[in-house]
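Asker: A structural model of the following input is requested.
(one chain, ligands or ions: 2)
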Amino acid sequence: MKTQLNLLALNEWGIDHTDRPLLISGPCSAETEKQVLETAHALKDQNISVFRAGIWKPRTRPNTFEGVGSEGLKWLTKVRQETGLKVATEVANAKHTYEALKHNIDVLWIGARTAVNPFAVQEIADVLQGVDIPVLVKNPINPDLELWIGALERINKAGITKLGAIHRGFSSYGDSAFRNAPNWQIPIELKRRFPELIIVNDPSHIGGKRSLIAEISQKAMDLDFDGLMVEVHPDPDNAWSDAAQQLNPFQFDELIKSLIIRSKGSTKQTHSRLSELRKKIDHFDHELMELLEARMKVAGEIGEFKRDNNMVVLQNNRWNEVIEQSITLGNTKGLSPDLISKIFKAIHQESINRQTDIINKITV
Ligand code: PEP
Ligand code: MN
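Answerer: Ligands and ions are numbered 1, 2, ... in the order given. Next up, the predicted model:
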């Protein structure tokens with residue numbers, strides 16, 4: 001389903017922000033008034049535009065810290081008074097949204113565990129009807145782009161045009177280097193579908209540990225994300241939630257200084273070089289397409305042969321041989337086994353689909 005979002009450019013959001021990236025930072029959770037104010041004062045001279053802190057915390061397991069609740073909203077108001085920073089918090093239901101609006105919170109975000117649930121998102125959208133406030137929607141925990149878009153649409157339909165997305169990675173089962181797999185192709189596709197949509201990367205929840213934050217942030221900048229949301233705590237190891245992934249204000253400063261922000265555009269000269277190279281890419285893509293067409297034709301002929309000789313489609317030995325020889329050949333050409341295996345699995349699946357169609361086609 002093709003849709004449009006009605007979006008306002010970032011420079012019309014009423015948030016001070018000069019150069020890329022838009023920085024949103026602050027603790028995972030507001031714990032005490034002292035901790036919130038101390039973090040905000042440490043961050044206020046670090047070029048951040050928005051101070052974040054979670055008040056209502058959706059925790060995976062019960063009997064863990066679930067946030068200080070509405071009390072913390074007063075601390076955020078104090079942050080704004082004392083530092084001039086805009087303040088943001090997460091809302092997960094209609095009650096949170098009413099409370100946050102009542103306390104004049106400047107920016108709201110919808111968390112990953114809420115974005116999965118259209119009822120919850122709609123309930124928040126209904127409260128936001130007619131309100132002028134920036135809202136950021138995190139990706140749902142499962143890698144479902146349509147669900148993410150659906151949540152953005154619901155908020156947008158309520159009249160929120162200061163709308164952005166936060167990429168915080170996706171849950172997966174089993175061990176992985178990341179807490180939440182980035183699946184970069186999903187935010188890239190979101191950007192392709194909605195080029196005007198502000199997309200912020202959240203390296204803290206993707207990485208899950210401090211050591212990964214810099215490389216994820218740099219990658220996000222190289223993929224032209226508009227901003228970063230980074231969790232910062234004055235004493236990360238003793239944080240009441242997400243201790244392993246929070247940076248202290250000094251580490252945050254180092255992170256921001258280490259980022260290389262590359263230009264979006266190009267000069268005339270580099271542009272003509274880039275178009276030449278892109279023409280070459282187009283040419284190779286065209287050739288790949290012709291080769292795939294020819295390969296599928298042969299796969300079809302094999303399907304006819306199998307049908308006429310009453311053979312099963314999947315010949316496991318042959319498939320093993322194909323994948324193994326392709327990986328070996330790919331290796332000699334500097335192509336990673338991962339790439340080759342993904343490409344050949346996709347091609348093989350397509351061949352199998354065609355062949356099962358052929359052998360099952362009723363011919364008269
Ligand atoms: C958070 O930002 O602290 C949070 C709870 O994030 P997420 O919704 O991405 O899990
Ligand atoms: Mn967190």
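
Asker: List the contacts of the closest residue to ligand 2 within the chain.
Answerer: Closest to ligand 2 within the chain is Cys28: 3.3 Å, counting by CB to the ion. Just so you know, the C-beta spots here come from the backbone N, C-alpha and C atoms, and that holds for glycine as well. Residues in contact with Cys28 (CB atoms under 8 Å, 6 or more residues apart in numbering) are 53-54, 57, 204, 231, 233, 239, 241-242, 245-246.

Asker: what do you get if the cut-off is 6 Å, keeping everything else the same?
Answerer: Cys28 is in contact with 54, 231, 241-242, counting by CB atoms under 6 Å, 6 or more residues apart in numbering.

Asker: longest helix anywhere in the protein?
Answerer: The residue-count maximum for a helix in the chain (DSSP state H) belongs to helix 268-308.

Asker: For it, name the packing helices and strands.
Answerer: helix 337-360 (3 or more CB pairs under 6 Å, 6 or more residues apart in numbering; DSSP states H and E).

Asker: what separates the helix it packs on from the chain centre, distance-wise?
Answerer: 29 Å (CA atoms, centre = their mean, to the nearest Å).

Asker: What angle do helix 268-308 and that helix make with each other?
Answerer: Using axes from the mean of the first three to the mean of the last three CA atoms, to 10 degrees, the inter-axis angle of helix 337-360 relative to helix 268-308 is 40 degrees.

Asker: which residues touch helix 337-360?
Answerer: Outside helix 337-360, the residues touching it (CB under 6 Å, 6+ apart) are 299-300, 303-304, 306-307, 313, 323, 326-327, 330.

Asker: one step back: quick check: mean pLDDT of the longest helix of the chain?
Answerer: Helix 268-308 shows a mean pLDDT of 92.

Asker: what is the mean pLDDT for the following helix or strand past that helix?
Answerer: For helix 268-308, the succeeding helix or strand toward the C-terminus, using DSSP states H and E, is helix 316-332. Throughout helix 316-332, pLDDT has a mean value of 93.

Asker: Okay, now the unreliable bits of this structure?
Answerer: 362-364 (pLDDT under 70).

Asker: any chance you could map the strands in the stretch 1-150 of the chain?
Answerer: 22-26, 50-52, 86-90, 107-110, 135-138 (DSSP state E, counting those that start in this stretch).

Asker: export these to JSON lines and tack on mean neighbour count and distance to Glu66?
Answerer: As requested, the strands of the stretch 1-150 of the chain are exported to JSON lines (neighbours: other CB atoms under 10 Å; distance: least, CB to CB, whole Å):
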{"stretch": "strand 22-26", "mean neighbour count": "25", "distance to Glu66": "18"}
{"stretch": "strand 50-52", "mean neighbour count": "27", "distance to Glu66": "17"}
{"stretch": "strand 86-90", "mean neighbour count": "25", "distance to Glu66": "12"}
{"stretch": "strand 107-110", "mean neighbour count": "25", "distance to Glu66": "17"}
{"stretch": "strand 135-138", "mean neighbour count": "26", "distance to Glu66": "18"}
